[in-house]
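K.L.:
quick check, what structure comes out for this input:
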Amino acid sequence: MNARLFGVLLLALGCGLSLWAQGGVDRTTLAILVNDADPLSVQVGQYYQQARKLEARQLIHLNFPTGKSRLSPEAFAAIRAQIERATPDFIQAYAITWSRPYRVGCMSITTAVAAGFDAAFCPPEGVVCAPTRRLDYFDSAVTDPHRQLGLRPAMMLAGNNLEEVKRLIDRGIAADGSHPAGSAYLLVTADRARSVRALGYGEVFRVARPPIRPRRIEADWIEHEQDVLFYFTGTAWVRQLDSNRFLPGAVGDHLTSAGGQLDGQKQMPALAWLSAGATGSYGTVSEPCNFPEKFPRPAVLIDHYQRGETLLEAYWKSVASPGQGLFIGEPLARPFGER
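P.N.:
The predicted structure follows:
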């Protein structure tokens, strides 16, 4: 092989690696969904557009009644049709700027917006515990999910109030290109049913690269840790969450049945992670049982995140069957990409 041809091949390989590292979801391919009937949604949408420098055509304005946690599939169908009509072809993903509703039938609103309501994402009627529809986006090299799969993954910019959401957005921006040196805390709790992901923790040690430090810990919680970049656990409530320091771009979630019920009281809502300083989290909105494929797979999330993909891409690619799962956080955070 002559030197010129070898150089061309190296350039081609380099371009391919760059595309894989950067992904296809960025501020030019993200749309913001705003509910004009919800003042908080409007304020969040305006702040996010300015903070991330999105164009006006990337704001999609909707108008539907607020206050309910759950939409019927019929009511949602009209909203999604409006979203589809207003979305430019180049858009690959969505940021949702309201915290309620977070559920459509048994599905999370993030997956319903992304893929449409589909009963296959839910257990069959009368069955509580059953596998549900999987997506080809899981652990894939897909860079443009809508163009390649007909899917526009969504993440909810959620919070208890405007100031919380602003801080979340600011953390996401601060994370960009920061290449943080932090630990991945992999907890095995006394709740064995909710610790089923521990079987896959060994994968994390194989894929994680410095400056990420995996730490497998048999405990019900951690406290006063100053370098939390990833925190995966299995329990209905996570104690001492506020005592830890989450680095910008940090991810944390707990495997339990109702973490995605953002206004729930029986189990800790996933919002608690964001309130404590995490930039992204996940929880299910209806009974998933403890099927691991319905929850983030830590090794897959960490692998894609450290390759330079956005929080939205890495989180979505870590869940094989996301129908019941709600993704919340700042979607464009990219700690291991370039600024």
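K.L.:
can you classify the nearest residue to residue 139 once chain neighbours are set aside as helix, strand or coil?
P.N.:
In this structure, residue 139 finds its nearest non-sequential neighbour in residue 300, 4.9 Å apart by C-beta to C-beta, 6 or more residues apart in numbering. Using the backbone N, CA and C atoms, a C-beta is placed for each residue, glycine as well. Under DSSP: H, G, I helix; E, B strand; the rest coil, residue 300 falls in the helix class.
K.L.:
for residue 337, same thing?
P.N.:
Relying on three-state DSSP, one would call residue 337 coil.
K.L.:
repeat for residue 252
P.N.:
Residue 252 - assigned by three-state DSSP - is strand.
K.L.:
the one 4 residues further on now?
P.N.:
Three-state secondary structure (criterion: three-state DSSP) places residue 256 in coil.
K.L.:
what is the burial count for it?
P.N.:
Neighbours of residue 256 under the rule other C-beta atoms under 10 Å: 25.
K.L.:
now do the contacts for residue 151.
P.N.:
114, 115, 135, 137, 145 (C-beta atoms under 8 Å, 6 or more residues apart in numbering).
K.L.:
show me what contacts the third one?
P.N.:
Residue 135 makes contact with 115, 149, 151, 320, 321, 322 under the criterion C-beta under 8 Å, 6+ apart.
K.L.:
find the helix or strand that it is a member of.
P.N.:
For residue 135, there is no enclosing helix or strand under DSSP states H and E.
K.L.:
make residue 1 into 10 and carry on from there
P.N.:
New numbering, starting at 10: the last item is residue 144.
K.L.:
just send the contacts of residue 160 back as JSON lines, with pLDDT, secondary structure and distance to residue 97 too.
P.N.:
What follows is those, written out as JSON lines (pLDDT from 0 to 100; DSSP: H, G, I helix; E, B strand; the rest coil; distance: C-beta to C-beta, whole Å):
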{"residue": "123", "pLDDT": "98", "secondary structure": "helix", "distance to residue 97": "16"}
{"residue": "124", "pLDDT": "97", "secondary structure": "helix", "distance to residue 97": "19"}
{"residue": "144", "pLDDT": "98", "secondary structure": "coil", "distance to residue 97": "23"}
{"residue": "146", "pLDDT": "98", "secondary structure": "coil", "distance to residue 97": "21"}
{"residue": "154", "pLDDT": "98", "secondary structure": "helix", "distance to residue 97": "15"}
